[in-house]
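Visitor: What follows is a predicted protein model with its sequence.
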Amino acid sequence: MGGLRRLHVLDRVAIGLLLTGLVCVACGLLPTGSAADAMTRIAPLLAFLGTVIVLAELTSRAEVFDVVAARVARAGRGSYPLLFLLCVAFASVTTIALNLDTTAVLLTPVMLALASRVGIAAVPLAMTTVWLANTASLLLPVSNLTNLLAADRVALSPLGLAGRMWAPQLAAIGVTMACLWVFYWRRGRRGAAPPTTPTEEAPGASSTAPAGKSPDISSTAPTGDSPDASSTAPTGDSPDASSTAPTGNSPDASSTVPAGASSTAPAGKSSGVRAGGPGAARAEDLSPAGAAGYVPPAPHRPADPVLFRACALACAGFLLAILVADVELWIASATAAAVAVAAFAARDRSALRPSLVPWRLLVMVPGMFLVVETVNANGLHDLLAAAVGHDGGTGGLFRAAAVGAGLSNVLNNLPVYLAGEAAVPVGNHDQLLALLVGANVGPVITPWASLATLLWYERCHAHGVRVPLPRLLFTGAVLAVTAVTASVAALALTG
């Protein structure tokens with residue numbers, strides 16, 4: 001029981017989902033054949049999840065993301081509005097051209113490493129990644145697995161799907177930009193990366209927690225800290241608080257090193273950020289709180305050029321394989337991960353540890369699919385058919401999108417779309433695309449609403465970045481309602 005209490009809440013959710021799914025199969029609520037079919041469908045997905053996260057972890061340790069982050073920061077030329085536009089474009093193009101899950105895994109560490117280089121908190125950059133990973137995934141079949149399913153159902157080629165979904169996609173990105181700027185990026189909301197001070201941690205430690213404390217708590221600020229900070233704060237703090245400033249200090253003060261920041265510690269002292277880890281920015285690169293601009297950082301030099309080149313080539317090969325060679329995602333990610341593992345086996349074997357594997361996701365995803373399949377087999381289909389209705393007009397489009405977005409945040413968008421697709425009448429192509437809009441753009445409220453959000457959460461968790469849950473739920477709800485409404489309106493107007 002003590003071990004169970006020490007588990008993270010999402011670990012307990014994952015175990016509970018899997019056990020519930022197995023009980024459903026054992027009790028006959030879910031036929032064995034249906035369970036086997038579900039596991040067969042998600043086996044490639046699980047292989048992709050396991051290997052792509054190992055690739056991301058090792059690529060991060062090789063400092064590939066640090067180099068990219070420094071280049072993005074330099075391209076911003078010290079202007080936060082220009083940097084905002086660059087980040088939006090970067091996240092949108094990555095999602096559209098590659099895949100929302102690839103964005104969540106590979107772009108999140110870049111954004112987190114970028115935070116310290118431009119003198120702002122990590123949360124605005126993290127939210128840019130996760131929101132656009134979802135809302136920018138409407139345009140092409142490759143952008144989202146649900147798009148592949150929808151394009152097949154309505155017999156649209158990649159160009160045909162793009163021709164039908166360009167207006168909803170622009171609407172979704174436009175609303176996302178507005179919400180990002182208002183809630184996270186505007187001056188007074190984006191926070192500041194606090195100055196770093198030495199800590200007495202063992203070399204190579206990645207947490208800023210005191211000895212004996214959980215390393216999962218990344219930023220805790222006593223009551224009375226600056227309201228402009230933007231990561232996690234304990235109960236009683238401002239919902240925008242993010243930095244660790246002791247009571248009575250300047251709002252910019254901090255006793256810990258934030259994710260992405262490097263140490264200014266004297267020789268022999270550790271900063272709490274592993275050597276060569278993400279975000280090894282210099283203290284002189286950081287801008288003071290409330291600054292109108294930032295100082296573009298110097299180019300980042302990786303500590304081990306051999307590991308850097310090997311992992312950079314592995315990532316490039318992965319992207320080329322899925323874009324040019326049309327290789328299955330799990331095969332491409334497994335091959336790239338094998339290259340990265342081989343490089344670290346030769347250069348830094350200590351980095352190869354079991355914790356690289358995303359055990360939580362590998363437990364949660366099968367359990368989630370088993371539970372949803374059970375619910376679907378015992379009345380969800382009839383419920384969805386009644387909720388979606390048969391109206392192919394404008395009202396039916398909004399109704400289907402609302403069902404897709406709402407249930408995606410309760411369950412998960414992929415099984416909800418699969419179940420909802422069967423409930424939409426065969427001839428109602430626009431109604432099916434509206435369901436797709438809800439299932440793609442809407443899952444930005446709860447952490448489990450989409451696989452991309454779960455992957456993003458894992459990356460943030462690994463870097464010690466937290467977003468207060470009330471803030472995540474509130475801002476996500478505003479985005480979901482406004483972006484889905486705008487996208488469906490665009491779909492109806494261009495139909």
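Guide: The structure has been received and is ready for your questions. Residues are numbered from 1 along each chain as shown.

Visitor: okay, CA-based contacts and neighbour counts for the rest of this
Guide: Fine.

Visitor: Under the pLDDT cut-off, which ranges of the protein? List them.
Guide: 1-5, 192-291 (pLDDT under 70).

Visitor: The same query, at a cut-off of 50, please.
Guide: For the chain, applying pLDDT under 50 flags the ranges 195-290.

Visitor: hey, which helix is longest across it?
Guide: Assignment by DSSP state H gives helix 32-61 as the longest helix of the chain.

Visitor: what's the following helix or strand after that helix?
Guide: Downstream of helix 32-61, the next assigned helix or strand under DSSP states H and E is helix 64-75.

Visitor: which residues are in contact with that following helix?
Guide: For helix 64-75, contacts defined as Cα atoms under 8 Å, 6 or more residues apart in numbering pick out 59-60, 83, 86, 109-111, 113-114, 117-118, 278-280, 296-302, 308, 311-312.

Visitor: still on that earlier bit, how about the longest helix of the chain: buried residues?
Guide: Neighbour-count burial for helix 32-61, counted by 16 or more other Cα atoms under 10 Å, picks out 35, 39, 46-61.

Visitor: Excluding covalently adjacent residues, which one is nearest to residue 17?
Guide: Leaving aside its sequence neighbours, residue 17 sits nearest to residue 367 (Cα to Cα, 6 or more residues apart in numbering; 4.6 Å).

Visitor: give the contact list for the one you found.
Guide: Residues near residue 367 by Cα under 8 Å, 6+ apart: 14, 15, 16, 17, 18, 19, 20, 21, 22.

Visitor: Most neighbours of all the residues you listed, which one?
Guide: residue 21 (24 neighbours; other Cα atoms under 10 Å).

Visitor: That residue reaches residue 370, doesn't it?
Guide: Yes. Assessed by Cα atoms under 8 Å, residue 21 is found in contact with residue 370 at 4.8 Å.

Visitor: and the gap between residue 368 and residue 152?
Guide: Counting by Cα to Cα, to the nearest Å, the gap from residue 368 to residue 152 is 25 Å.

Visitor: Compare these two (neighbour count), which wins?
Guide: More neighbours surround residue 368 than the other of residue 368 and residue 152, with 22 against 12 (other Cα under 10 Å).

Visitor: and the more buried one, that's in a strand?
Guide: No. Assigned with DSSP: H, G, I helix; E, B strand; the rest coil, residue 368 falls outside any strand and is helix.

Visitor: list the contacts for the closest residue to it other than its chain neighbours?
Guide: Closest residue to residue 368 apart from its sequence neighbours, by Cα to Cα, 6+ apart: residue 17 at 5.9 Å. Going by Cα under 8 Å, 6+ apart, residue 17 touches 364, 367, 368, 371.

Visitor: quick one: the strand or helix carrying residue 17 to helix 32-61, angle?
Guide: Here residue 17 sits within helix 9-27, counting by DSSP H and E. With axes from the mean of the first three to the mean of the last three Cα atoms, to 10 degrees defining the directions, helix 9-27 sits at 160 degrees from helix 32-61.

Visitor: then helix 9-27 to PDB, C-alphas only?
Guide: Taking C-alpha atoms only, helix 9-27 is exported to PDB below (Å, rounded to 0.1, in the frame of the first residue of the first chain):
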ATOM      1  CA  VAL A   9      -1.900  10.000  -9.700                       C
ATOM      2  CA  LEU A  10      -1.600   9.300 -13.400                       C
ATOM      3  CA  ASP A  11       0.300   6.000 -12.600                       C
ATOM      4  CA  ARG A  12      -2.700   5.000 -10.400                       C
ATOM      5  CA  VAL A  13      -5.100   6.000 -13.200                       C
ATOM      6  CA  ALA A  14      -3.200   3.900 -15.700                       C
ATOM      7  CA  ILE A  15      -3.100   0.900 -13.500                       C
ATOM      8  CA  GLY A  16      -6.800   1.300 -12.700                       C
ATOM      9  CA  LEU A  17      -7.700   1.500 -16.300                       C
ATOM     10  CA  LEU A  18      -5.800  -1.600 -17.300                       C
ATOM     11  CA  LEU A  19      -7.200  -3.600 -14.400                       C
ATOM     12  CA  THR A  20     -10.700  -2.400 -15.200                       C
ATOM     13  CA  GLY A  21     -10.300  -3.400 -18.800                       C
ATOM     14  CA  LEU A  22      -9.000  -6.900 -17.800                       C
ATOM     15  CA  VAL A  23     -11.900  -7.400 -15.400                       C
ATOM     16  CA  CYS A  24     -14.300  -6.400 -18.200                       C
ATOM     17  CA  VAL A  25     -12.800  -9.100 -20.400                       C
ATOM     18  CA  ALA A  26     -12.700 -11.700 -17.600                       C
ATOM     19  CA  CYS A  27     -16.400 -11.000 -16.700                       C
END
